[in-house]
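In: Here is my input, please return the structure:
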Amino acid sequence: MWQTRIDFLDPAEAAEKLRPLGGLAFLDSAMRHETLGRMSYVAASPFQRFTVDGTGAMLDGVRLPGPPLERLREVLARFPVELLPSAVPFQGGAIGAIGYDFAHHLERLDPPPGLDAGTVVLRLALYDTIVAFDHEAGTADIFASGHPAEGVDARRERAERRMAEVAAALAGPAPARPPMPETAPDWRSSVTRESYAGAIETIRDYILAGDIYQANFAQAFQAALPAGFDPFAFYRRLRAANPAPFAAFLEDTDLAVCSSSPERFLKLSGRSVETRPIKGTAPRSADPAEDVALGAALLSSEKDRAENVMIVDLLRNDIARVCLADSVEVPVLCGLETYASVHHLVSVVTGELKPGADGLDLLAASFPGGSITGAPKIRAMDIITELEGRPRGVYCGSIGWIGFDGALDLNIAIRTVTIENGTATLQAGGGITVLSEPEAEYEETLAKAARVFSAFEAAR
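Out: Predicted coordinates:
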């Protein structure tokens with residue numbers, strides 16, 4: 001592994017400058033925090049792409065038979081690294097999005113209408129060179145592994161060339177920024193207020209019948225975008241309107257993903273596992289006293305705390321499948337965290353990975369996150385499919401990185417817009433329990449989506 005320090009610059013500006021290299025990945029701590037929002041990463045021009053569709057895995061479009069995560073493990077193993085001494089945990093590896101519907105490769109689930117063999121459910125790009133920003137230290141470094149070159153000399157030559165290429169792009173001028181459209185998109189929802197309420201009542205019926213304890217139900221908003229709409233220009237507005245510690249922008253040839261997620265799904269550092277489920281939401285208020293009162297009411301809400309505790313139990317069970325049994329702990333239960341438009345109840349579950357298990361085993365045991373499925377997970381997911389009636393795509397999957405060294409950090413892809421074939425899609429939902437009130441649940445989805453909508457409307 002090789003490293004060079006550069007002058008610190010705004011990570012969004014760095015992403016803008018590297019975007020012309022293609023395959024941009026920007027993992028963005030847009031909301032600064034000494035631990036959760038400490039690092040941002042920018043990478044471009046990946047050397048390989050690993051994807052999974054309904055049939056299985058592919059590497060640069062070539063089919064790899066067998067279980068996708070086994071094939072991914074083999075691919076990553078081809079590129080061993082020894083990390084340089086640094087506070088930077090990610091120095092090269094895979095960055096991308098694992099769609100919610102990848103779960104069909106892990107569990108036997110009812111398929112939603114529209115999920116066919118050609119639907120891509122996982123996209124990971126392999127980067128030999130990344131730019132890492134440490135917001136706490138105020139430093140920026142380029143790391144390069146030299147992969148996929150073979151042999152120390154060839155890898156060093158490639159690493160030096162790639163670091164010089166990236167440094168030159170960062171030192172140059174930023175491309176011209178296209179303007180945002182003057183009019184906001186015309187959003188259409190997959191539900192009406194009445195049909196949303198009907199779905200909530202159906203979930204409550206399932207709960208009362210003993211099928212589940214809770215399920216996460218979402219509505220989808222879609223809008224046609226004008227010709228020339230620039231996804232990164234929109235993402236810049238999104239990160240300003242709704243800053244979040246686990247935000248991201250990914251760009252592939254046919255898809256852009258713009259995420260302002262506040263939620264970590266899984267972090268693996270060495271053998272230490274952390275997951276931070278969000279369950280419980282209240283809107284913010286512009287009035288400081290009312291805003292404090294809304295947060296306090298959320299902390300004392302019986303319904304929201306019960307919802308959070310149920311998901312904590314689910315995640316404890318999930319990670320215990322691959323962690324040492326006596327290592328799984330809950331250092332934070334129902335803590336209050338505040339973001340641009342909402343307050344959240346957030347818990348923290350930790351554990352130590354068993355000998356012989358790795359990050360992909362952890363992913364297989366836990367995906368998708370219990371906070372966006374329900375409990376019991378499999379039955380809740382089938383009910384979600386029945387009521388939502390469509391694939392979720394990236395929404396409620398995970399975005400983040402998997403290092404060549406085996407470490408990983410993945411978000412829950414909420415507050416996330418996908419832009420594909422000229423159409424923007426945003427989904428918003430919440431956990432439904434027997435205490436849920438349909439009108440309040442519907443309004444909660446609008447509160448979660450509000451700042452994302454405002455990023456589209458900022459040019460008005």
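
In: count of neighbours near Asp60?
Out: 10 (other Cβ atoms under 10 Å). Using the backbone N, CA and C atoms, a C-beta is placed for each residue, glycine as well.

In: hang on, it packs against Phe47?
Out: No - between Asp60 and Phe47 there is no contact under Cβ atoms under 8 Å: 9.5 Å.

In: all helices for the stretch 301-450 of the chain, in order.
Out: For the stretch 301-450 of the chain, helices defined by DSSP state H, counting those that start in this stretch occupy the ranges 302-320, 359-366, 377-388, 438-457.

In: would you turn the ones you listed into CSV with mean pLDDT, distance to Leu408 and mean neighbour count?
Out: Output for the helices of the stretch 301-450 of the chain, formatted as CSV (pLDDT from 0 to 100; distance: least, Cβ to Cβ, whole Å; neighbours: other Cβ atoms under 10 Å):
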stretch, mean pLDDT, distance to Leu408, mean neighbour count
helix 302-320, 93, 13, 20
helix 359-366, 98, 4, 21
helix 377-388, 98, 20, 21
helix 438-457, 92, 26, 19
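
In: out of those, nearest to Thr281?
Out: Nearest to Thr281, of all the helices of the stretch 301-450 of the chain, is helix 438-457, at 5.5 Å by Cβ to Cβ.

In: residues in contact with Ile432?
Out: For Ile432, the contact set (Cβ atoms under 8 Å, 6 or more residues apart in numbering) comprises Ile200, Ile203, Arg204, Ile207, Gln214, Ala215, Asn216, Phe217, Gly374, Glu441.

In: Now, of the residues you listed, which are buried?
Out: Ile200, Ile203, Arg204, Ile207, Gln214, Ala215, Asn216, Phe217, Gly374, Glu441 (16 or more other Cβ atoms under 10 Å).

In: could you say which helix or strand contains the first one?
Out: So the one you mean is Ile200. Per DSSP states H and E, Ile200 falls inside helix 193-208.

In: for the next helix or strand after that helix, packing partners?
Out: Following helix 193-208 in sequence order, the next helix or strand is strand 214-224 (DSSP H and E). Contact partners of strand 214-224 among helices and strands, from 3 or more Cβ pairs under 8 Å, 6 or more residues apart in numbering; DSSP states H and E: strand 188-189, helix 193-208, helix 302-320, strand 374-375, helix 377-388, strand 423-432, helix 438-457.

In: Not counting its own residues, what contacts the longest one?
Out: The contact list for helix 438-457 (Cβ under 8 Å, 6+ apart) reads 184-185, 187, 193, 196-197, 200-201, 217-219, 221, 223, 234, 237-238, 240-242, 260, 281, 283, 340-342, 414-415, 417, 424, 426, 428-430, 432.

In: rerun that using 6 Å as the cut-off
Out: 184-185, 193, 196-197, 200, 219, 237-238, 241-242, 281, 283, 340-342, 415, 426, 428-430 (Cβ atoms under 6 Å, 6 or more residues apart in numbering).

In: Check the offset of it from the chain's centre.
Out: Using Cα atoms, centre = their mean, to the nearest Å, the mean C-alpha position of helix 438-457 is found 19 Å from that of the whole chain.

In: relative orientation of that helix and helix 193-208 in degrees?
Out: 130 degrees (axes from the mean of the first three to the mean of the last three Cα atoms, to 10 degrees).

In: Strand 214-224 and helix 438-457, what's the angle between them?
Out: Using the same axes, to 10 degrees: helix 438-457 against strand 214-224 is 40 degrees.

In: Just the C-alpha atoms of helix 438-457, please, in CSV.
Out: Extracted in CSV, the C-alpha atoms of helix 438-457 (Å, rounded to 0.1, in the frame of the first residue of the first chain):
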residue,chain,number,x,y,z
PRO,A,438,-52.4,5.3,10.3
GLU,A,439,-52.6,9.1,10.0
ALA,A,440,-49.5,9.6,12.2
GLU,A,441,-47.6,6.9,10.3
TYR,A,442,-48.4,8.6,7.0
GLU,A,443,-47.3,12.0,8.3
GLU,A,444,-44.1,10.4,9.5
THR,A,445,-43.2,9.3,6.0
LEU,A,446,-43.8,12.8,4.7
ALA,A,447,-41.5,14.2,7.5
LYS,A,448,-38.8,11.8,6.5
ALA,A,449,-39.1,12.8,2.8
ALA,A,450,-39.5,16.5,3.3
ARG,A,451,-35.8,17.5,3.2
VAL,A,452,-35.1,15.3,0.2
PHE,A,453,-38.0,17.0,-1.6
SER,A,454,-36.7,20.4,-0.6
ALA,A,455,-33.4,19.6,-2.3
PHE,A,456,-35.2,19.3,-5.6
GLU,A,457,-37.1,22.5,-4.9
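
In: that older thread, reformat the buried ones among the contacts of Ile432 as a markdown table; add distance to Val88.
Out: Shown next, in a markdown table, are the buried ones among the contacts of Ile432 (distance: Cβ to Cβ, whole Å):
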| residue | distance to Val88 |
| --- | --- |
| Ile200 | 44 |
| Ile203 | 43 |
| Arg204 | 47 |
| Ile207 | 45 |
| Gln214 | 38 |
| Ala215 | 39 |
| Asn216 | 34 |
| Phe217 | 39 |
| Gly374 | 36 |
| Glu441 | 41 |
